[in-house]
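Undergrad: Based on what follows, work out the 3D shape:
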Amino acid sequence: MTDEDPTTRPEGLTGVLDAIASAVTNARAMPMSSSVLVNRAELLDLVDQARDVLPSQLSRADEVLADADAARSVAQADADALLAQARAQAAALVDQEAVVVAARERAAQVVADAEETAERLQREADDYCDRRLADFEIDLGKVLSQVQAGRAKLAGRLGVDEG
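TA: As a prediction, this is how the structure comes out:
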């Protein structure tokens, strides 16, 4: 049992997991045992809160991907504008071969730079999402382990009580 106000909801998945850990840590110990008494309703409420928070965390990851796609689109639009500008300059200076060659090289470099930037932004967004999902996986694995351990202890006690 925790001293926290049950009407106060922890913020984010990490807050919910911290509240679960706190509930187990602060639970009253059973005499001569490593088992503790926890408030089932409180823990189930916290698990429900974790389930509620997870979609919002995934939505945030989707927002990050959308932001990266938007940045990529802006970079592509900038590249297209620069390419159009380079083409206009090349057309105006068509009789000067050196200028035309330089403009084509510059346009190709701008496009290559924009594509590189877009790919980098996409990789960074994917890496960020992967890291966040890995964190969620670890957190959920810990919660699952705690739940399984608790159920195993309960099953052991139920087996002892029936025997």
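Undergrad: Which stretches in the chain count as strands?
TA: Using DSSP state E, the strands of the chain run over 28-29, 36-37.
Undergrad: most packed of those strands?
TA: Most buried of the strands of the chain, by mean neighbour count (mean count of other CB atoms under 10 Å): strand 36-37, with a mean of 13. For every residue, glycine as well, the C-beta is placed using N, CA and C.
Undergrad: what's that one packed up against?
TA: strand 28-29 (3 or more CB pairs under 8 Å, 6 or more residues apart in numbering; DSSP states H and E).
Undergrad: Quick check: which helices or strands does the strand it packs on pack against?
TA: The contact analysis (3+ CB pairs under 8 Å, 6+ apart) places strand 28-29 against strand 36-37.
Undergrad: Identify all contacting residues around the strand it packs on.
TA: Residues outside strand 36-37 that contact it (CB atoms under 8 Å, 6 or more residues apart in numbering) are Met1, Val24, Ala27, Arg28, Ala29, Met30.
Undergrad: With pLDDT and distance to Glu124 as extra columns, can I get those in a markdown table?
TA: A markdown table is the format used below for those (pLDDT from 0 to 100; distance: CB to CB, whole Å):
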| residue | pLDDT | distance to Glu124 |
| --- | --- | --- |
| Met1 | 43 | 44 |
| Val24 | 86 | 37 |
| Ala27 | 83 | 42 |
| Arg28 | 87 | 47 |
| Ala29 | 84 | 47 |
| Met30 | 84 | 49 |
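Undergrad: Let me know the closest of these to Pro55.
TA: Val24 (24.8 Å; CB to CB).
Undergrad: tally of neighbours for that closest one?
TA: 15 (other CB atoms under 10 Å).
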